[in-house]
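# Sequence and predicted structure below; questions after.
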Amino acid sequence: MSRLATRWLGVGLASCLAVVTLTLTLTGRLALYINPDSTWFAAGMSVVVLIGAVLSFLLPLGAEADHGHDHGGPAHAEPPALRRRIDAKSEDSSEIVRHPAHPPTLARSLGLAATVTGGVAASAVVLFILVLPPASLSAQLAMSRDVGAPPLFAGADAVALASTGDTSSFGIGAWASAFATSTNPDAFDGDTVTLTGFVTPSTSGGGFALTRLVITHCVIDAQTASVPVAADGSAPETGQWVTVSGTVRSNADGKLEIAPTSIAPIPEPQDPYEY
């Protein structure tokens with residue numbers, strides 16, 4: 001049983017994750033978890049894992065534990081005199097051999113408990129991944145990650161934005177960086193924008209914030225990017241995806257915001273992140 005459990009915790013879990021990764025790749029949903037630029041690497045490694053899993057069935061159960069004990073080489077024969085001394089010592093210590101085995105130490109018991117707990121937890125995570133449908137990170141999580149500090153991403157984009165004045169290719173992440181770091185807000189005043197994101201509460205008291213999660217490598221490093229939208233009247237519901245068209249302007253405090261000309265509710269896009 002322990003040999004089967006060892007095989008499951010190694011090859012079994014790795015194979016399940018590889019199958020999930022390839023399935024998400026083929027269905028175009030792997031971008032919910034990692035940057036699309038890394039898809040080829042994740043899919044390639046998954047194929048390697050599955051090939052290794054198939055080859056592992058050529059080994060009998062328990063072969064991993066026997067590794068290094070017997071490599072098939074000839075046995076080393078002891079000299080006759082040494083053999084006689086070993087036999088005599090074995091006869092003299094026969095009572096010691098008959099003693100019962102020592103009970104497991106506390107360290108071994110804790111190690112076994114940690115192994116079982118970790119194995120159960122890892123198996124549960126993999127089974128949840130297999131059963132539950134893929135989903136994007138929520139608006140609530142985005143708000144919990146928003147610490148109010150300037151974004152750590154899009155530094156180069158902000159420089160390009162300031163030097164070229166071409167804002168057509170920039171999303172919420174680049175605009176959030178420009179809004180937070182610009183020393184000359186008038187340089188962007190009047191620029192037209194069309195941005196898609198989800199609604200979060202405004203930190204300035206009016207309108208709402210248009211928010212997007214920006215991923216560098218995977219969802220673990222996702223950062224929140226937001227730009228203020230100076231909408232009149234009631235704001236859309238928090239978490240609602242919208243496409244906002246309008247112009248950038250400086251408000252009375254000299255801070256940049258978006259003055260919308262249209263706010264259109266939309267379903268969550270297939271690719272909800274920026275990269």
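Yep, it's here.

# Can you give the domain ranges for the protein?
1-66+109-135, 143-265 (automatic domain parsing).

# Dump the ones you listed to CSV, plus distance to residue 271, mean neighbour count and mean pLDDT.
Placement of C-beta: from N, CA and C, glycine included. Listed next are the domains of the chain as CSV, based on distance: least, C-beta to C-beta, whole Å; neighbours: other C-beta atoms under 10 Å; pLDDT from 0 to 100:
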stretch, distance to residue 271, mean neighbour count, mean pLDDT
domain 1-66+109-135, 5, 14, 75
domain 143-265, 10, 17, 80
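
# how about TSV for the ones you listed, with distance to residue 274 added?
Formatted as TSV, the domains of the chain follow (distance: least, C-beta to C-beta, whole Å):
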stretch	distance to residue 274
domain 1-66+109-135	10
domain 143-265	5
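
# all strands of this structure, in order?
192-201, 208-214, 223-229, 241-250, 256-265 (DSSP state E).

# Out of these, flag the one nearest residue 17.
Among these, the nearest to residue 17 by C-beta to C-beta is strand 208-214 (23.0 Å).

# Contacts for the closest one, please.
Residues from elsewhere that reach strand 208-214, judged by C-beta atoms under 8 Å, 6 or more residues apart in numbering: 137, 139, 142-143, 145-146, 151, 153-154, 171-173, 195-203, 219, 222-229, 231, 235-236, 242, 244, 258, 272-275.

# Compute the inter-axis angle for that strand and strand 223-229.
If you take axes from the mean of the first three to the mean of the last three C-alpha atoms, to 10 degrees, strand 208-214 sits at 160 degrees to strand 223-229.

# Would you mind getting the angle between strand 208-214 and strand 192-201?
Using the same axes, to 10 degrees: strand 208-214 against strand 192-201 is 100 degrees.

# How far does stretch 265-275 stretch from one end to the other?
The stretch stretch 265-275 measures 23 Å between its terminal residues, going by C-alpha to C-alpha, to the nearest Å.

# Pull out the buried residues from that stretch.
Across stretch 265-275, burial judged by 16 or more other C-beta atoms under 10 Å covers 272-274.

# about what we covered before: what about the strands of the chain, which gets the closest to residue 38?
Of all the strands of the chain, strand 208-214 sits nearest to residue 38, with 15.1 Å by C-beta to C-beta.

# now the angle from the closest one to strand 256-265?
Going by the same axes, to 10 degrees, strand 208-214 makes 90 degrees with strand 256-265.

# Tell me how far residue 204 lies from residue 43.
Residue 204 is 44 Å from residue 43, where distance means C-beta to C-beta, to the nearest Å.

# still on that earlier bit, out of the strands of the chain, which gets nearest to residue 10?
Evaluated over those, closeness to residue 10 peaks at strand 208-214, with 33.5 Å, by C-beta to C-beta.

# how about the CA coordinates for that closest one, as PDB?
Provided in PDB are the C-alpha atoms of strand 208-214 (Å, rounded to 0.1, in the frame of the first residue of the first chain):
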ATOM      1  CA  PHE A 208     -15.700  54.700 -10.000                       C
ATOM      2  CA  ALA A 209     -12.400  53.000 -10.700                       C
ATOM      3  CA  LEU A 210     -11.900  51.000 -13.800                       C
ATOM      4  CA  THR A 211      -9.700  48.000 -12.800                       C
ATOM      5  CA  ARG A 212      -7.800  45.200 -14.300                       C
ATOM      6  CA  LEU A 213      -5.400  42.600 -12.900                       C
ATOM      7  CA  VAL A 214      -2.000  42.600 -14.600                       C
END
